[in-house]
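In: could you look at this predicted model? Sequence included:
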Amino acid sequence: MITLDHIVIGASDLDAAIAGFSTDYGLTASKGGAHPDLGTHNALIGAGQTYIELLAPLPGTQCAVKSLNTLKAPTLFHYALRTRELEAIKERAAALGVNSDGIQTGRRQTADGALLTWRILHFRGHALGAALPFFIDWQNTLPPANQLDAQASDLALTVTAPPMLSTLLDGAVRGLEIEPGDNALSLSFTVDDQRVEISAPYPLPAGL
């Protein structure tokens with residue numbers, strides 16, 4: 001089974017992104033911690049069964065996600081799907097001509113110093129940009145969505161992409177709507193009975 005795990009909002013400055021989401025949407029992001037392998041850090045906003053991740057370069061480090069440094073404002077940047085079937089998805093993608101970096105181990109040091117680890121699958125060398133998700137398996141770790149108070153509700157992500165994406169996913173994904181067409185991302189959620197919509201720029205960012 002595949003479900004929407006989280007939405008990534010990219011930013012060049014994490015504190016500015018946190019302040020912007022508070023001012024613009026009334027959402028309070030909690031500092032998550034640092035990704036030492038990527039040179040990034042994040043803050044998280046609960047949204048029921050999923051969450052919004054604000055991701056930015058970690059000051060004083062070499063950020064591996066170089067496109068974050070060029071963002072002029074917080075941007076709908078990428079999204080992650082949760083599954084226990086990373087190997088099967090990797091094989092389906094290869095059959096569709098999309099190769100991966102292999103299944104890697106991700107890690108993040110939390111604000112209180114604990115280390116979280118997970119398995120992750122990214123794809124490279126394709127033309128879908130951030131319309132093609134990355135996949136995560138939290139294994140025995142409780143997903144962040146289950147640890148955050150829900151501030152936003154009815155979160156939905158609409159992805160416009162070629163048929164290859166539906167073939168790769170091989171079924172419906174809770175919280176994700178796929179439409180045929182050119183690559184695009186659109187996020188919507190409800191805060192205090194107000195519907196918020198955020199669209200990614202075109203062309204899409206390359207993602208993570």
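Out: Nice, I can see it. Residues are numbered from 1 along each chain as shown.

In: what about A16, which helix or strand?
Out: With elements taken from DSSP states H and E, the one containing A16 is helix 14-25.

In: and for that helix, what's in contact with it?
Out: Contacts of helix 14-25 with the rest of the structure, by Cβ atoms under 8 Å, 6 or more residues apart in numbering, involve 9, 11, 27-29, 41-43, 45, 52, 54-56, 73-74, 152, 191, 196. All C-beta atoms are positioned from the backbone trio N, CA, C, and that covers glycine.

In: buried stuff in it?
Out: Using 16 or more other Cβ atoms under 10 Å as the test for burial, helix 14-25 gives 14, 17-18, 20-21, 25.

In: repeat that for stretch 34-48.
Out: Going by 16+ other Cβ under 10 Å, stretch 34-48 has these buried residues: 34-35, 38-47.

In: stretch 118-131 now?
Out: Within stretch 118-131, the residues scored as buried using 16+ other Cβ under 10 Å are 118-123, 126, 128-131.

In: direction included, what does the worst-scoring helix or strand of the chain on mean pLDDT pair against?
Out: Among the helices and strands of the chain, strand 100-110 carries the lowest confidence by mean pLDDT, DSSP states H and E, at a mean of 90. The pairing partners recorded for strand 100-110 under DSSP bridges are strand 30-35 (antiparallel), strand 115-123 (antiparallel).

In: hmm, back to that, turn the buried residues of helix 14-25 into a markdown table, columns for distance to R82.
Out: Putting the buried residues of helix 14-25 into a markdown table (distance: Cβ to Cβ, whole Å) gives the following:
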| residue | distance to R82 |
| --- | --- |
| L14 | 24 |
| A17 | 23 |
| I18 | 24 |
| G20 | 27 |
| F21 | 23 |
| Y25 | 24 |
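
In: how about a markdown table for these, with distance to D112 and pLDDT added?
Out: Output for the buried residues of helix 14-25, formatted as a markdown table (distance: Cβ to Cβ, whole Å; pLDDT from 0 to 100):
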| residue | distance to D112 | pLDDT |
| --- | --- | --- |
| L14 | 17 | 98 |
| A17 | 21 | 98 |
| I18 | 18 | 98 |
| G20 | 25 | 97 |
| F21 | 22 | 98 |
| Y25 | 26 | 97 |
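
In: so which of the buried residues of stretch 34-48 are in helices?
Out: Among these, DSSP state H puts none in helices.

In: closest to L185 out of the residues you listed?
Out: A47 (15.8 Å; Cβ to Cβ).

In: filter the contacts of helix 14-25 down to just the ones in strands.
Out: 9, 41-43, 45, 52, 54-56, 191, 196 (DSSP state E).
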